[in-house]
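Trainee: Can you look at this prediction? I've put the sequence above it.
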Amino acid sequence: MDLDDAAGDSHSENISVATPPTLTTGTSVDNGGDSDDDAQMTDSSPQSPHPHNVWPTVSDCQPPLDQTIEFNTSSPSSDSHLSSLSSFSTPYRSSSPNGPRGRILKAPEETNEVRKIGACYRCRISRVKCDTSPICRKCSVDVSKVPGGDFMRKTCIRDEPSKVGGRLAARWSWKVPRFSPRRDDFIKEKRIRLRVRFLTENPSSSRGLEITATPFKDPRGSNAILYGILPEEGPGTDQIHSWVKSQITSDEKNDFESWLEELHLRFVHGNCLDSAFRYDERTPRTNSKPLSNPNRKLIETQQDLLKNIMALRCMWKVWSCEKFDVRTANNSPLPPNWDVSAIVDYIQRVAEQKLSSLEKTVLRDIDRYLSPLEIRDDRPVFKSAMNVATWIILWQMILIYRQSVIRTLVQQERDQKEPNAAPPSAKRHKFHEITERLFQGVVVMYSETFRTRKVLESLRDVNETVFGKDPSLHGVFQGTWNAREKFCMSRQVNKSAS
């Protein structure tokens with residue numbers, strides 16, 4: 001059963017959820033209140049799919065877990081000073097004194113308590129009543145048949161992504177560079193031009209990232225020739241971003257991640273959301289119904305989110321790269337006694353700083369997926385385009401966080417094999433903990449947003465009008481969809497073999 005399958009017929013991967021939610025893509029910011037109001041809520045989900053385990057192992061061959069990292073599964077508790085609420089003998093009407101009359105709350109005390117600690121993701125997205133239990137009633141019922149002691153705790157998440165990810169400043173900067181040359185150590189008279197590429201880049205079709213490298217004195221006194229980058233001569237985030245995007249374009253599409261990157265990049269460049277909206281406006285049933293201002297704001301927000309996650313993905317590819325191909329300006333290999341690790345450290349340091357700032361912006365926008373906004377049915381092309389955009393966004397975040405968790409575990413395994421390795425970094429431990437929580441949260445959001453088979457089938461069957469009538473871009477989407485199925489299948493096979 002894969003993450004996108006509602007009924008259990010398809011294959012699964014590490015991040016599999018069997019109850020994908022109804023997709024309500026356009027979303028608006030909500031402070032966690034409406035999903036808790038009694039008058040509009042039911043005690044159970046309107047659909048009762050049978051959930052499956054979404055909490056996969058994050059790598060095919062699990063490294064030993066960090067003993068010093070504990071995932072915070074403690075539930076929100078009602079503090080004593082929060083429980084001193086006045087009682088009501090009659091139903092309480094939520095409204096301002098001079099404003100319009102609001103909804104009548106049957107249990108205002110309980111509703112206020114839920115609002116203070118926040119409704120869980122699944123209740124907010126499904127728009128059902130939540131409660132203050134450590135594991136709410138909906139999560140308890142829906143996953144009661146799923147084996148695993150702490151599965152329900154991982155499903156019943158209350159803290160919004162922006163609150164989880166914003167708890168540590170510069171949280172991506174946990175790697176220790178090999179060299180930290182001072183300005184006086186550089187020999188400025190011997191600057192050279194070099195090119196940096198990913199190992200997957202083809203030197204004949206990609207110029208790579210052009211940099212100015214400067215040698216510096218080796219503090220160890222070895223015979224190696226060390227090269228680094230002076231801050232005022234180093235590449236900026238825009239230059240790195242353009243380099244990675246060009247690499248994505250020229251890269252061969254041989255797996256789900258590379259297909260998704262290509263789809264994401266071309267979906268943004270093609271301005272597909274705007275073209276889908278304009279297509280609906282030309283139809284007789286919508287040309288007299290202009291899009292409301294809130295939905296116009298929604299288009300802008302979704303477009304910005306797509307662009308920011310594309311930038312986040314580009315910086316993440318640099319941050320997570322194990323090894324780069326560094327060559328001379330004329331594409332010749334470097335002499336064997338040249339050490340360019342300081343160059344790689346510099347580029348990755350620029351990427352990790354941008355990652356930390358971009359992530360805060362992205363998570364604030366992703367918070368709104370917890371409060372779905374229905375898009376009118378008389379705009380079918382625009383609605384389908386928003387569905388595709390949401391699918392791209394959530395899958396990109398799932399893959400970024402999943403691979404980042406794996407990276408910390410792999411690094412930990414390497415450290416354990418090194419006899420003289422430095423003590424484990426506390427900052428890396430914190431990064432692992434926060435990233436794992438974000439990974440689990442985005443998986444829950446995805447599983448609830450894409451819960452039903454109907455939603456998944458409508459997404460699979462979108463036509464060229466969603467992609468600005470571009471048949472090649474539509475073909476990229478179909479290639480991405482098929483690659484996803486293979487990706488999920490391979491995760492399931494590896495999980496069964498381990």
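Mentor: Cool, got the structure.

Trainee: what about the strands in this structure?
Mentor: In the chain, the segments counted as strands under DSSP state E are 92-93, 104-105, 192-198, 209-216, 225-228, 324-328, 338-339.

Trainee: Deepest in the core, which of these is it.
Mentor: strand 225-228 (a mean of 22; mean count of other CB atoms under 10 Å). All C-beta spots, glycine's among them, are computed from the backbone N, C-alpha and C.

Trainee: Residue 241 is nearest to which of the strands of the chain?
Mentor: Closest to residue 241 of these is strand 209-216 (CB to CB; 10.6 Å).

Trainee: Show me what the closest one is packed against.
Mentor: strand 192-198, strand 225-228, helix 237-250, helix 341-366 (3 or more CB pairs under 8 Å, 6 or more residues apart in numbering; DSSP states H and E).

Trainee: Can you lay out those as JSON lines showing mean pLDDT and distance to residue 481?
Mentor: JSON lines is the format used below for these (pLDDT from 0 to 100; distance: least, CB to CB, whole Å):
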{"stretch": "strand 192-198", "mean pLDDT": "93", "distance to residue 481": "25"}
{"stretch": "strand 225-228", "mean pLDDT": "92", "distance to residue 481": "44"}
{"stretch": "helix 237-250", "mean pLDDT": "92", "distance to residue 481": "18"}
{"stretch": "helix 341-366", "mean pLDDT": "93", "distance to residue 481": "22"}
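
Trainee: Just say which of these is most tucked in.
Mentor: Ranked by mean neighbour count, the helices and strands packed on strand 209-216 are led by strand 225-228 with a mean of 22 (mean count of other CB under 10 Å).

Trainee: Name every strand pairing with that one and say which way it goes.
Mentor: Looking at strand 225-228 with DSSP bridges, its partner strands are strand 209-216 (antiparallel), strand 338-339 (parallel).

Trainee: could those strands go into TSV alongside mean pLDDT and distance to residue 305?
Mentor: Below are those laid out as TSV (pLDDT from 0 to 100; distance: least, CB to CB, whole Å):
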stretch	mean pLDDT	distance to residue 305
strand 209-216	93	26
strand 338-339	92	40
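
Trainee: Quick one: residues contacting residue 354.
Mentor: Applying CB atoms under 8 Å, 6 or more residues apart in numbering to residue 354 gives the contacts 237, 240, 311, 315.

Trainee: In CSV: these, plus distance to residue 121.
Mentor: Converted to CSV, the contacts of residue 354 look like this (distance: CB to CB, whole Å):
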residue, distance to residue 121
237, 31
240, 33
311, 25
315, 26
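
Trainee: what two of those have the greatest distance between them?
Mentor: Using CB to CB, the two most remote members of the contacts of residue 354 are 240 and 311, lying 9.7 Å apart.

Trainee: and the closest residue to residue 239 other than its chain neighbours, bridged to which residues?
Mentor: Distance criterion CB to CB, 6 or more residues apart in numbering; nearest residue to residue 239, sequence neighbours excluded, is residue 209 at 7.0 Å. Taking DSSP bridges as the rule, residue 209 bridges to residue 196.

Trainee: measure residue 209 to residue 191 for me?
Mentor: Separation of residue 209 from residue 191 (CB to CB, to the nearest Å) stands at 16 Å.

Trainee: can you count the residues close to residue 168?
Mentor: Residue 168 is flanked by 16 other residues according to other CB atoms under 10 Å.

Trainee: what about the nearest residue to it once chain neighbours are set aside, neighbour count?
Mentor: Counting by CB to CB, 6+ apart, the nearest residue to residue 168 once its immediate chain neighbours are dropped is residue 430, at 5.7 Å. Residue 430: 15 surrounding residues under other CB under 10 Å.

Trainee: From what I see, residue 430 and residue 171 are in contact.
Mentor: Yes. Look at residue 430 against residue 171 with CB atoms under 8 Å: they come within range, at 7.1 Å.

Trainee: Just give the number of residues close to residue 154.
Mentor: By the criterion of other CB under 10 Å, residue 154 has 21 neighbours.

Trainee: Surely it and residue 441 touch.
Mentor: No. No contact is recorded between residue 154 and residue 441 when judged using CB under 8 Å, the distance being 9.2 Å.

Trainee: for the stretch 201-350 of the chain, what are the low-confidence residue spans?
Mentor: Along the stretch 201-350 of the chain, segments meeting pLDDT under 70 span 202-205, 283-295.

Trainee: ok, now with 90
Mentor: Residues of the stretch 201-350 of the chain meeting the criterion pLDDT under 90: 201-208, 217-225, 231, 247, 249-254, 274-301, 322-323, 329-331, 337.

Trainee: With residue 465 as the reference, measure out to residue 380.
Mentor: Distance of residue 380 to residue 465, computed by CB to CB: 9 Å.

Trainee: between the two, what contacts are shared?
Mentor: Residues touching both residue 380 and residue 465 (CB under 8 Å, 6+ apart): none.

Trainee: Would you map the helices across the stretch 151-300 of the chain?
Mentor: 151-155, 161-165, 237-250, 256-269, 272-281, 293-320 (DSSP state H, counting those that start in this stretch).

Trainee: Can you redo these as TSV, where the extra columns are distance to residue 472?
Mentor: Formatted as TSV, the helices of the stretch 151-300 of the chain follow (distance: least, CB to CB, whole Å):
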stretch	distance to residue 472
helix 151-155	39
helix 161-165	34
helix 237-250	13
helix 256-269	8
helix 272-281	13
helix 293-320	19
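
Trainee: now for those helices, which one comes closest to residue 219?
Mentor: Per CB to CB, nearest to residue 219 of the helices of the stretch 151-300 of the chain: helix 293-320, 25.7 Å.
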